[in-house]
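Q: how would this look folded up:
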Amino acid sequence: MAKLSTELNRYFFEEERAETVKLNDVLLLAGERVFGFLFVILALPSALPIPAPGYSVPFGLLIFVLAVQFMTGSQKPWLPQRMVNWSIKTKLAQRFVKAGLPWLRRLEGISKPRFTAVCTSLPGRLWVGSAIALMAISMMIIIPGTNTLPAMGIFLTGIGLVEDDGAICAAGATACIAIAVVMVSVIWVFYRGGASILDMVKTWITGTP
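A: Presented below is the predicted three-dimensional model:
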């Protein structure tokens, strides 16, 4: 089976496409690697250092649903019909894919089937799926600048699943856990900072120290 980067390059840049492309059409490229493929594709817009407003929350929710299915051992993901028929402008999709292809090719260059139990066994799927689910929740938190790192963790883990590379998958899942710790710290600081501001406003209004 051709590399994911090769398939995406062919689909988006070597063949003529309509003005919009449906998720269902892109899914035909996935074959048996559909879970990893979906994690990569859905995390890509938020993982890139380019503006992608409006994608983190719905894609994060969908990734969470897929992660739960992956943990429970599903071989084929279930997607709402509305999401299967969801479409995006081809030019925008090409922009995301073009920016992500160099990173995808680098990871494919060092990946190979190894330690496949991490990707296929129940304990491995529970660990990897839980890490992805954590990152999906983080993507849905409405705090500016907090969705890029979680999306990068999902992207890396998804590549491991696509390539049956347990080493990359484990590295991605470990990175997800580390990112979760960072995210909790950021949220705590954000919360404490917000609380301090509220206290200052309350003091100013009431005139009490």
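Q: Look at the most centrally placed residue in the chain and give its secondary structure.
A: Among the residues of the chain, the one closest to the centroid is Ala43, at 2.7 Å (C-alpha atoms, centre = their mean). Using DSSP: H, G, I helix; E, B strand; the rest coil, the structure places Ala43 in helix.
Q: give me every residue that touches it.
A: Ala43 makes contacts with 59, 63, 151-152, 154-155, 158, as judged by C-beta atoms under 8 Å, 6 or more residues apart in numbering. In short, each C-beta sits where N, CA and C put it, glycine included.
Q: mind running it again at 7 Å?
A: Neighbouring residues of Ala43 by C-beta atoms under 7 Å, 6 or more residues apart in numbering: 63, 151, 154-155, 158.
Q: List the ones among the residues you listed that fall in helices.
A: Residues of the contacts of Ala43 located in helices (DSSP state H): 63, 151, 154-155, 158.
Q: Just among these, which is most surrounded?
A: Greatest neighbour count in the ones in helices among the contacts of Ala43, by other C-beta atoms under 10 Å, goes to Ile154: 33 neighbours.
Q: nearest residue to that residue other than its sequence neighbours?
A: Nearest-residue entry for Ile154: Ala43, 3.9 Å, with adjacent residues in sequence omitted and distances by C-beta to C-beta, 6 or more residues apart in numbering.
Q: And for Phe115?
A: Counting by C-beta to C-beta, 6+ apart, Phe115 lies nearest to Gly166, which is 2.9 Å off, once chain neighbours are set aside.
Q: can you pull the pLDDT of the one you found?
A: Listed pLDDT for Gly166 reads 91.
Q: The helix or strand harbouring Leu61 packs against which elements?
A: If you go by DSSP states H and E, Leu61 is part of helix 56-71. For helix 56-71, the elements it packs on are helix 34-47, helix 122-139, judged by 3 or more C-beta pairs under 7 Å, 6 or more residues apart in numbering; DSSP states H and E.
Q: Export the helix or strand harbouring Thr6 to CSV, keeping only CA atoms.
A: Using DSSP H and E, Thr6 maps to helix 4-9. Provided in CSV are the C-alpha atoms of helix 4-9 (Å, rounded to 0.1, in the frame of the first residue of the first chain):
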residue,chain,number,x,y,z
LEU,A,4,-0.2,8.2,3.0
SER,A,5,1.8,11.3,1.8
THR,A,6,1.9,9.8,-1.7
GLU,A,7,-1.9,9.1,-1.7
LEU,A,8,-2.7,12.6,-0.4
ASN,A,9,-0.4,14.3,-2.9
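Q: residues making contact with that helix?
A: Counting by C-beta under 7 Å, 6+ apart, 29, 37, 40, 97, 101, 104-105, 108, 162 sit against helix 4-9.
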